[in-house]
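Engineer: Okay, here's the prediction I keep looking at, along with the sequence it came from:
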Amino acid sequence: QRTMMHTLPRALNILDSSHLAQVHALESHCEESLVNRSASEHACLDIMHYIVRSSGGVLQYDLRNFDSDWSPREAAIGAFFTLSSQRERIWDQLHVRDSPKQPKFEMSSAAVSAALTQDNLVDYSKVYEELLRDKIPVLVYAGEFDSKDGPVGQERWIRELQFSEAEEFWAQAPSLYWLRTGEMGGYSRAAGTMNFLTVPRAGHFVPANFFRLAMSVLQDFTSSQRLPCHRDAAACSVAATRCELMNGCSGHGRCDALGAGQCSCEPGWVGAACQSPLLRVTSRSASDPLGLQSKGPKWHVMEVMVPCVELAISDQASYDVHISSHNIPDRFDSEIVLRGRRGKSRLSAADLGLPLPYYMSVFVIGADFRSNTLFDAVLSVRQVSAPEGLDGLTSA
C-alpha cells in the first residue's frame, strides 16, 4: 500500500513524469528497508513527504486541498472538543469525562504514533480472513481523493485476501450505492460478509466531507450488514450499461446484462467486447506467415503455439507487444511488454519463461499523430528456428 501512494497524485498530474524516477528511488528504498521495521516506516513515509513537499503542501489525505486549507478546520474541530461550552456534555457522550488525560482531545498523538511504529508495516490481512471465515460482516471504505489510504491501495491488499466468496466478489459488476436522499453514495462490491465501498467527493475523513453518506453507511451496515442500494435494481447495477457499451459483444457473443455485465464470446473471438478474432501462430507459419493488414492503429490477438516467433512490420509503422501466459493480454494486464518496436523482433518462449501455448496482443501504431497521418501497415508473424536477441523487453 505504501508503494501505491503515488498513483492518485500521478493521475491528477500533481506528480508529472519528471518526478517518476525520484518516486521509484523512494519506493525502492521503502521496499528494501523492510529488514528493519523501524527504519522502514520512516523510509516509506518519505514517499509521501516527497509528494507533499514537491507539490507545495498538498494534503495527503485529500488531494483537493492543501495543508493550509485543512489547518483552520483542524483548529475548529479541536476547539469544539476542548473549548466549546458544550464540551462537558460531549465528554459525557464519549465516556471520557473521567479520563486523566490532559487535554482530553488531540487531533493526533506523537506518543501513540511512536508506539505504533513497529506495527504500521505489519500485514494484518489474516485478521480480515479470520473475520470473514467466521462470517462476521466487514466493511472497508475509502474516499477517492485519499492518496495515502485510498481505494487503489485498499484494493491491492483486498485482492490478495483468501476467503470463500473471493471469486464471486471480483467477478461481479460493481454496484452503485444510492442514498435514500437520492444522492450518489459510491461504488460498492459485496459477497458473503465482505463489503468494499469507494466514496466519491471525499478524502480520508469521509464524515467531514460527506456527513449524510457517512450516516447512511453507518445505519445501513449496522442494520443489514450490507449497503443496500436505495433505488430499483436497474439503477443500482452497471451490468446493463456494460453490455450496452460493449456494442452487443460486437456481434460475436452474448452479454449477461442481469449478472456481471460480461460478454461470453463465440469460439474464435476474444476481448471484453468479443472484438478481436483469436489468431493462431502454428508451425505452418514458418512457410506461410500471418500477414495482418491494417490502416491506422490496430490490435491483433494471437495464441502462440510454437517455441520461437518473429514479428516484422512495414517501414513507417511501429508496434507494442503484450504477452501473458494464461489470459488474453491488453494494455492494462500483461506479464511482458515490448514498446515502440520497429522492424523485426524475435521471441523465444523458453527464454521468456513462457509455457506453450501463450497469448500475445500486438498493437500496431499505424499513425503519426503529430501530422494526423494514418499508415497502411502489414504485420508479419511467422515461426523461426532461433531468436536473435531479446532486447527491448520490460516487465509489465
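Structural biologist: That came through, no problem.
Engineer: where's the residue nearest the centre of the chain, which helix or strand?
Structural biologist: Centroid-nearest residue in the chain, with Cα atoms, centre = their mean: residue 152, separated by 4.8 Å. In the assignment (DSSP states H and E), residue 152 maps to helix 151-158.
Engineer: Name the nearest residue to the residue nearest to the centre of the chain, sequence neighbours excluded.
Structural biologist: Spatial nearest neighbour of residue 152, excluding adjacent residues (Cβ to Cβ, 6 or more residues apart in numbering): residue 7 at 4.9 Å. Just so you know, the C-beta spots here come from the backbone N, C-alpha and C atoms, and that holds for glycine as well.
Engineer: quick one: contacts for the one you found?
Structural biologist: By Cβ atoms under 8 Å, 6 or more residues apart in numbering, the residues touching residue 7 are 147, 152, 153.
Engineer: how much space between it and residue 1?
Structural biologist: 10 Å (Cβ to Cβ, to the nearest Å).
Engineer: overlap in contacts of the two?
Structural biologist: Counting by Cβ under 8 Å, 6+ apart, the shared contacts of residue 7 and residue 1 are residue 153.
Engineer: Point out where the stretch 1-150 of the chain drops to low pLDDT.
Structural biologist: Within the stretch 1-150 of the chain, no stretch falls below the threshold (pLDDT under 70).
Engineer: Strands along that one, start to end?
Structural biologist: Assigned by DSSP state E, counting those that start in this stretch, the stretch 1-150 of the chain shows strands spanning 138-143.
Engineer: quick one: the helices in it?
Structural biologist: Assigned by DSSP state H, counting those that start in this stretch, the helices in the stretch 1-150 of the chain fall at 7-11, 20-32, 37-54, 67-82, 87-94, 110-115, 125-133.
Engineer: Then the stretch 201-350 of the chain?
Structural biologist: For the stretch 201-350 of the chain, the helices defined by DSSP H, counting those that start in this stretch occupy 206-209, 211-224, 233-236, 239-245, 349-352.
Engineer: what bridges to the spatially closest residue to residue 139 that is not a sequence neighbour?
Structural biologist: Spatial nearest neighbour of residue 139, excluding adjacent residues (Cβ to Cβ, 6+ apart): residue 195 at 4.4 Å. With DSSP bridges as the criterion, residue 195 is bridged to residue 139, residue 190.
Engineer: these two touch, right, residue 195 and residue 189?
Structural biologist: Yes. Applying Cβ atoms under 8 Å, one finds residue 195 in contact with residue 189, separated by 7.3 Å.
Engineer: My guess is residue 74 contacts residue 107. True?
Structural biologist: Yes. Using Cβ under 8 Å, residue 74 is in contact with residue 107, at 5.6 Å.
Engineer: neighbour count winner among these two?
Structural biologist: Neighbour count, other Cβ atoms under 10 Å: between residue 74 and residue 107, residue 74 has more, with 12 against 9.
Engineer: So that one versus residue 5, what's the distance?
Structural biologist: From residue 74 to residue 5 the distance is 21 Å (Cβ to Cβ).
Engineer: What of residue 144?
Structural biologist: Here the criterion is Cβ to Cβ. By it, residue 144 lies 14 Å from residue 5.
Engineer: Also residue 68?
Structural biologist: In terms of Cβ to Cβ, residue 68 sits 21 Å off from residue 5.
Engineer: These two: which is more packed in?
Structural biologist: Neighbours per residue (other Cβ under 10 Å) separate residue 68 from residue 5, with residue 5 holding more: 27 against 10.
Engineer: any idea how far the most far-flung residue of the chain relative to its centre is from residue 106?
Structural biologist: Centroid-distance maximum for the chain: residue 85 at 45.8 Å, with Cα atoms, centre = their mean. Between residue 85 and residue 106 the computed distance is 20 Å (Cβ to Cβ).
Engineer: go on, residue 57?
Structural biologist: Taking Cβ to Cβ, one finds residue 57 at 22 Å from residue 106.
Engineer: Kindly report the same for residue 215.
Structural biologist: 25 Å.
Engineer: do residue 172 as well
Structural biologist: Counting by Cβ to Cβ, the gap from residue 172 to residue 106 is 42 Å.
Engineer: Buried residues, stretch 117-126. List them.
Structural biologist: By neighbour count on 16 or more other Cβ atoms under 10 Å, the buried set for stretch 117-126 is residue 121.
Engineer: How far does it stretch from one end to the other?
Structural biologist: 20 Å (Cα to Cα, to the nearest Å).
Engineer: so how far is that stretch off the chain centroid?
Structural biologist: 21 Å (Cα atoms, centre = their mean, to the nearest Å).
Engineer: residue contacts, residue 225?
Structural biologist: 137, 193.
Engineer: Which pLDDT value belongs to it?
Structural biologist: Predicted confidence (pLDDT) for residue 225: 94.
Engineer: how far away is it from residue 136?
Structural biologist: For residue 225 relative to residue 136 (Cβ to Cβ), the value is 9 Å.
Engineer: intersection of neighbour lists for those two?
Structural biologist: With Cβ under 8 Å, 6+ apart, residue 225 and residue 136 have common neighbours residue 193.
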